[in-house]
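Trainee: Have a look at this fold, sequence not included:
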């Protein structure tokens, strides 16, 4: 039972069935969360390329040390923007096709996308001030 709840939280899937009352999500609700894991190419198309809001795309890998530092740092700053920007997380080992399509040659690579187009990009780890400037530029603040 604990494994099922942990998996549901990890995949951001709303709990169903008898365990639904025991599931917890941080933030407002799973449907309104500003950070999500990309499931496949069509999910990327729907939630990133076709998004009416700007999207930060975090290409990362489980084995990448800097990714483990950058990811939570970026998520925290995106959540502070309260829905003005979304964050898509793409594991390059699971979605090699997307990594190739967006010319990701090292991780972490972060893309800023607006109206389906890449408008900015950086590779490697950044401090919070640099990340805030990156996000403000994306949302035009």
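Mentor: Thanks, I have the structure now. Only a predicted model underlies this, so the values are computations on that prediction, with no experimental measurement involved.

Trainee: Closest to the centroid, which residue in this structure?
Mentor: The centroid of the chain falls nearest to residue 88 when counting by C-alpha atoms, centre = their mean (2.6 Å).

Trainee: so that residue makes contact with residue 54?
Mentor: No: the pair residue 88 / residue 54 is not scored as a contact, 11.1 Å apart, by C-beta atoms under 8 Å. To be clear about C-beta, it is placed using only N, CA and C from the backbone, and glycine gets the same treatment.

Trainee: Can you name the element that comes right after the longest helix anywhere in the chain?
Mentor: The longest helix of the chain (DSSP state H) is helix 65-80. Following helix 65-80 in sequence order, the next helix or strand is strand 86-91 (DSSP states H and E).

Trainee: If you count contacts, what does the helix or strand following that next one end up packed against?
Mentor: Per DSSP H and E, the first helix or strand lying C-terminal to strand 86-91 is helix 96-101. Packing partners of helix 96-101 (3 or more C-beta pairs under 8 Å, 6 or more residues apart in numbering; DSSP states H and E): helix 41-44.

Trainee: So which bits of the helix it packs on are buried?
Mentor: Neighbour-count burial for helix 41-44 flags residue 44 (criterion: 16 or more other C-beta atoms under 10 Å).

Trainee: Can you give the strand pairings for the following helix or strand past that helix, parallel or anti for each?
Mentor: Remark: after helix 41-44, the chain's next helix or strand is strand 55-60, criterion DSSP H and E. If you go by DSSP bridges, strand 55-60 pairs up with strand 86-91 (parallel), strand 109-114 (antiparallel).
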